[in-house]
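# Turn this into a structure:
(chains A and B)
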Amino acid sequence: GIQVEQSPPDLILQEGANSTLRCNFSDSVNNLQWFHQNPWGQLINLFYIPSGTKQNGRLSATTVATERYSLLYISSSQTTDSGVYFCAVVSGGGADGLTFGKGTHLIIQP
Amino acid sequence: GAVVSQHPSWVICKSGTSVKIECRSLDFQATTMFWYRQFPKQSLMLMATSNEGSKATYEQGVEKDKFLINHASLTLSTLTVTSAHPEDSSFYICSARSSLWTNTGELFFGEGSRLTVL
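Residues are numbered from 1 along each chain as shown, chains lettered A, B, ... in the order given. From the prediction side, this is the model:
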């Protein structure tokens, strides 16, 4: 099946810093989504972005499908941004469900 | 965005008992729903694909007789963990996609259900 690799696995930043999270995938995709998992386990939809660029406040994402990667940018980090960020994809030729990467654990220190 | 609701959020049960978890799409119809399991500090792993009106499709290594899935309507799928044991303790999360979309559509997730088997 499709492989999804996220980097870095862990990231510690000071409040106000900017960060870039990366997601590489091994095959063509029909769907790519970024999520933030809060401390209670709930997955918050950040972006549905199989291709192109989107922005939502301090967050933006870019997917270059032809080169099989996606980037999530967080600007002016706040402590509430802490948590685990997951990238997940639906393979172009596979099953319908999302395949998740292992996530990036982000800690924003005050 | 679309809303998916799971119930219960927390459940503690004794070893050997069965537990049912419900997943509902509140403001859209979902032909297909998905069940995931997440162990502490790990990623989400797809367990099975639930199709309305037909049998679920299970991922390799997932015991279909242990994890019974029923998708009786376009807004409800249930996961029953039968004869639960401590190793079944985990965080179970469902997701759904609107029937209007193919597999290119956005998926929305429930709040998750944390199962602890004593």
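
# Show the residue spans covered by the strands in chain A.
Under the criterion DSSP state E, chain A contains strands at A:4-7, A:10-14, A:19-25, A:29-37, A:43-48, A:52-56, A:59-64, A:69-74, A:83-91, A:99-100, A:104-109.

# in chain B, what spans have low per-residue confidence?
The model of chain B has pLDDT under 70 over residues B:1, B:101-104.

# Run through the residues of it sitting next to chain A.
For chain B, the residues in contact with chain A (Cβ under 8 Å from any Cβ of the partner chain) are B:1, B:32, B:34, B:38, B:42-46, B:49, B:57, B:91, B:93, B:95, B:97, B:102-109, B:111-112, B:114. Every residue, glycine included, has its C-beta placed from N, CA and C.

# so what's residue B:75 closest to, chain neighbours aside?
residue B:25 (4.9 Å; Cβ to Cβ, 6 or more residues apart in numbering or on different chains).

# The one you found against residue B:2, yeah?
Yes: counting by Cβ atoms under 8 Å, residue B:2 is a contact partner of residue B:25 at 6.8 Å.

# Need the residues touching each of the two.
Residues touching both residue B:25 and residue B:2 (Cβ atoms under 8 Å, 6 or more residues apart in numbering or on different chains) are B:96, B:98, B:108.

# I'd guessed the second one sits against residue B:27; true?
No: contact between residue B:98 and residue B:27 fails when scored by Cβ under 8 Å: they sit 9.5 Å apart.

# Could you check which of the two is surrounded by more residues?
Regarding residue B:98 and residue B:27, a neighbour count based on other Cβ atoms under 10 Å in any protein chain shown identifies residue B:98 as having more, with 17 against 11.

# For residue B:30, see how far away that one is.
Per Cβ to Cβ, to the nearest Å, residue B:98 is found 7 Å from residue B:30.

# Which one's more surrounded, residue B:25 and residue B:2?
When neighbours are counted by other Cβ under 10 Å, residue B:25 comes out ahead of the other of residue B:25 and residue B:2, with 25 against 16.
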